[in-house]
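Asks: Give me a 3D structure for the following:
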Amino acid sequence: MNPLFIKSIVVHWDKVPKDSYIRKIQSLKGLETLAFKRPVTFFVGENGSGKSTLLEAMAVSYGFNPEGGTINYDFSTFDSHSELYEAVTLVKGYRRARWGYFLRAESFYNVATKEKDYVDTLHSSKEYHERSHGEVFLEIIHENFKKNGLYFLDEPEAALSPQRQLSLLIELYRCAKEGSQFFVVTHSPILLGLPDAQILTFDKGQIHPCKYEETDSYRITKSFVNNRNGMLKIMLEE
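Replies: Modelled structure (predicted):
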């Protein structure tokens with residue numbers, strides 16, 4: 001029996017406007033169903049390939065605020081999310097998540113600002129703006145990553161040093177073992193090295209599974225580290 005909270009998605013294109021830019025994204029165009037096989041699923045691909053668009057649609061369809069936060073966050077700083085969430089159906093498993101978080105790097109400033117609106121006598125402000133993004137990201141990870149949780153992470157490595165990315169990898173592995181499920185958009189070759197994760201690439205016009213060693217994040221990083229002088233000579237002389 002599949003223990004995942006979200007087993008797959010179904011896209012209903014009749015609910016997407018004919019003039020929507022969603023229809024022009026090669027990886028999403030024609031997508032009808034997408035199945036998930038592992039507790040951790042990575043979305044990889046070049047900028048603009050549709051990774052964050054799909055992740056956002058899934059998170060909003062589940063009930064998360066488009067700009068991020070816990071399932072309890074409900075605010076709008078700038079209405080920029082696509083209409084794709086209205087066309088996405090989440091095929092859920094028999095279990096229900098006990099907690100969750102939608103972390104997206106690009107709109108975290110808005111979440112950090114609105115955090116003060118959710119303060120009460122039992123929950124004091126975390127004063128997010130008084131610390132570095134890296135420190136805050138790690139605190140959110142440690143406080144919100146729990147067993148049996150559902151998490152959507154959009155480029156969580158953006159504020160993290162390589163060492164802190166390793167800390168995040170450990171937390172992903174631990175929580176996945178404790179029944180949590182993650183969907184992660186990332187360019188980090190460190191995070192992508194997580195054992196037993198499902199990697200879906202949005203490149204080459206169609207979403208499809210790929211191996212760690214096949215990702216651009218791995219191949220380009222490996223080539224640069226192993227032959228830095230050679231690559232720099234070629235690139236900077238062109």
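Asks: ok, Gly193 - contacts?
Replies: When contacts are counted by CB atoms under 8 Å, 6 or more residues apart in numbering, Gly193 is found next to 169, 212. (Glycine included, C-beta is placed from N, CA and C.)
Asks: redo that, cut-off 7 Å
Replies: Tyr212 (CB atoms under 7 Å, 6 or more residues apart in numbering).
Asks: Quick check: the gap between it and Glu213.
Replies: Counting by CB to CB, to the nearest Å, the separation of Gly193 from Glu213 is 10 Å.
Asks: now the strands for the protein?
Replies: 6-11, 33-35, 40-44, 88-92, 99-104, 149-154, 181-185, 198-201, 208-209 (DSSP state E).
Asks: Worst mean pLDDT among these?
Replies: When the strands of the chain are ranked by mean pLDDT, strand 99-104 comes last with a mean of 88.
Asks: what residues does that strand touch?
Replies: By CB under 7 Å, 6+ apart, strand 99-104 touches 59, 64-65, 68-71, 140, 144, 146, 149-154, 156.
Asks: go with 8 Å
Replies: 52, 56, 59, 62, 64-65, 67-71, 137, 140, 144-146, 148-156.
Asks: Which entries within those residues meet the buried criterion?
Replies: 52, 56, 59, 62, 64-65, 67-69, 71, 137, 140, 144-146, 148-156 (16 or more other CB atoms under 10 Å).
Asks: In helices, which of those residues fall?
Replies: When DSSP state H is applied, the buried ones among the contacts of strand 99-104 are split such that 52, 56, 59, 62, 137, 140, 144 fall in helices.
Asks: quick one: low-confidence parts of this protein?
Replies: By pLDDT under 70, the low-scoring segments of the chain are 1-2, 72-82, 105-134, 238.
Asks: Name the single longest helix found in it.
Replies: helix 162-177.
Asks: What is that one packed up against?
Replies: helix 133-144, strand 181-185 (3 or more CB pairs under 8 Å, 6 or more residues apart in numbering; DSSP states H and E).
Asks: Tell me the one of the ones in helices among the buried ones among the contacts of strand 99-104 nearest Ser188?
Replies: If you rank those by distance to Ser188 using CB to CB, Phe137 comes first, at 12.8 Å.
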